[in-house]
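*Asks:* No sequence on hand, only this structure:
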């Protein structure tokens, strides 16, 4: 079974600064996907970014980028130019693409607070 | 967004009563999922469906059952609610052949 570990329960950052959230995972699979989801106080789960394991290039979405280290099984999220609206719980998630039903395994989350 | 709605959005019930949560999606997605979210645990999969009348268990399925009689609806039932089932419940759906799940707004259930 896959496991996802987010070692930082809480983090804070000043507005306009850069912050990195950590995620490690454990799997014996070679084909998989990784995701970061954001959950603001509204409780809605919002997809931030996704990475396909067979792609070496790190995914980027505007101010959000990842550092994907497949050998180290590490998938960190970098948020540049932090904004107050980035305050949220962030979840790292793993999906094994080898099966057909694509079940997500989530980490426990990191609560990020952006301070003015 | 996949046009996913959940009902009710909030519910308070008493121990021992049956509860049914509904997930409705308008995108004709084949796959649907039920998760629960608890502090310190992230989201954990309860049950999922890979088609009409086709369902299977997730990692925390004890005490829950599901049904899917139509593509657009996925029901989660607590036959006899317990306080340990107090949680926020999320539904998600995915189109066949893709990897991304889209989530509904969640249902906060409190069992007294």
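*Replies:* All right, it came through fine. Note that this is a predicted model, so its numbers are computed, not measured.

*Asks:* which one is the residue nearest the centre of chain B nearest to, not counting chain neighbours?
*Replies:* Nearest to the mean C-alpha position of chain B, counting by C-alpha atoms, centre = their mean, stands residue B:34 at 3.0 Å. Excluding its sequence neighbours, the residue lying closest to residue B:34 (C-beta to C-beta, 6 or more residues apart in numbering or on different chains) is residue B:46, at 4.4 Å. Placement of C-beta: from N, CA and C, glycine included.

*Asks:* okay but that neighbour is in contact with residue B:32, surely?
*Replies:* No: the criterion here is C-beta atoms under 8 Å, and residue B:46 misses it with residue B:32 at 11.5 Å.

*Asks:* Of these two, which one has the most company?
*Replies:* residue B:32 (28 against 24; other C-beta atoms under 10 Å in any protein chain shown).

*Asks:* if I read this right, that one contacts residue B:48, doesn't it?
*Replies:* Yes: between residue B:32 and residue B:48 there is a contact at 6.7 Å, judged by C-beta under 8 Å.

*Asks:* Show me what the top strand by length along chain B is packed against.
*Replies:* Longest strand in chain B, counting residues (DSSP state E): strand B:42-51. Packing partners of strand B:42-51 (3 or more C-beta pairs under 8 Å, 6 or more residues apart in numbering or on different chains; DSSP states H and E): strand A:104-106, strand B:31-38, strand B:54-57, strand B:64-70, strand B:73-78.

*Asks:* Apply 6 Å and report the result again.
*Replies:* strand B:31-38, strand B:54-57, strand B:64-70 (3 or more C-beta pairs under 6 Å, 6 or more residues apart in numbering or on different chains; DSSP states H and E).

*Asks:* And that strand, what's buried?
*Replies:* Across strand B:42-51, burial judged by 16 or more other C-beta atoms under 10 Å in any protein chain shown covers B:42, B:43, B:44, B:45, B:46, B:47, B:48, B:49, B:50.
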